[in-house]
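Trainee: below: sequence and its predicted model.
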Amino acid sequence: MTHPHFPSATAIETLNKVIRTRRSIKPAEFSAEPVSDDVINEMLENANWAPTHGMTEPWRFFVISGNARIQFGEYLSRLYLEITPAEQVKPAKAGKLKNNAEASSHMIVIAMKRQPSGRIPEIEEVEAVACAVQNLHLTATAHGVGGYWSSGKAICNDRLRDDLGLSKEDKVLGLFYVGMPAGDWPDGTRTAMADKVTHLTERFEVT
Ligand SMILES: Cc1cc2nc3c(=O)[nH]c(=O)nc-3n(C[C@H](O)[C@H](O)[C@H](O)COP(=O)(O)O)c2cc1C
């Protein structure tokens, strides 16, 4: 089977570049410049092309921008104070949730919609959403747009799930902050891939 456009040296070079330069860039590193809705829509469209077991397409995104993002930041900050046991509350965290929202151009709540049949294991639905987020993040990178996947209890909780109108079986998996990077694009680091891969060529033996 041949693909009409590939292999293509240009595509491979571009793909390698986009994958390897994708970085987590946080709201504190965003400028005030807004990200265009066209870019956001392209990020979402590419997210929709993630692989999906049984074609369940479990990714759900709530895109928050404009004045709504200020209100959402205040909501998250309030929610954090409400759901966190008093002795564990870090006041700086409440402030950060608000500031992050103000500093972002858009925020995208990442959610997983469980199929009523439950036919596909939940972990596979979460995996499909993660693939969608990677597509979204790579598309942002190709546009020079910054972003990062924020998780943690302040975001991945049942209250936000319910308040967004999702069902009990669904899950909020995080918040993707989006903005234009203010400074230099950061470098990334990874330990050697060779340490994480086992090649079996001559023989496969079960121990
Ligand atoms: C599922 C998931 C959840 C994450 N949650 C957080 C988070 O809550 N806070 C954070 O600082 N970074 C979070 N990150 C981003 C990682 O910190 C980041 O990917 C890692 O430091 C590697 O940096 P890079 O993305 O620039 O390569 C998350 C990443 C993933 C995949």
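Mentor: Looks like it came in fine.
Trainee: quick check: which element contains residue 40?
Mentor: If you go by DSSP states H and E, residue 40 is part of helix 37-47.
Trainee: wait, doesn't residue 131 sit right on residue 51?
Mentor: Yes: at 5.6 Å, residue 131 counts as touching residue 51 under the criterion of CB atoms under 8 Å. For glycine as for every other residue, the C-beta is placed from the backbone atoms N, C-alpha and C.
Trainee: where does the chain come near the ligand, residue by residue?
Mentor: 23-24, 148-152, 174, 188 (CB under 6 Å from any ligand atom).
Trainee: ok now the top strand by length along the chain, how far from the chain's centre?
Mentor: Secondary structure of the chain per DSSP state E: the longest strand is strand 171-179. Centre-to-centre, strand 171-179 and its host chain are 5 Å apart (CA atoms, centre = their mean, to the nearest Å).
Trainee: in this protein, which spans are helices?
Mentor: Secondary structure of the chain (DSSP state H): helices located at 9-21, 37-47, 66-83, 91-103, 122-142, 158-163.
Trainee: possible to save these as TSV with mean neighbour count?
Mentor: Output for the helices of the chain, formatted as TSV (neighbours: other CB atoms under 10 Å):
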stretch	mean neighbour count
helix 9-21	11
helix 37-47	17
helix 66-83	16
helix 91-103	17
helix 122-142	20
helix 158-163	15
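Trainee: quick one: which of those is nearest residue 199?
Mentor: Each of the helices of the chain was scored for nearness to residue 199 using CB to CB, and the closest is helix 9-21 (20.9 Å).
Trainee: please name every helix or strand in contact with the closest one.
Mentor: Contacts defined by 3 or more CB pairs under 8 Å, 6 or more residues apart in numbering; DSSP states H and E place helix 9-21 against helix 122-142.
Trainee: next, the angle strand 171-179 makes with the helix it packs on.
Mentor: 0 degrees (axes from the mean of the first three to the mean of the last three CA atoms, to 10 degrees).
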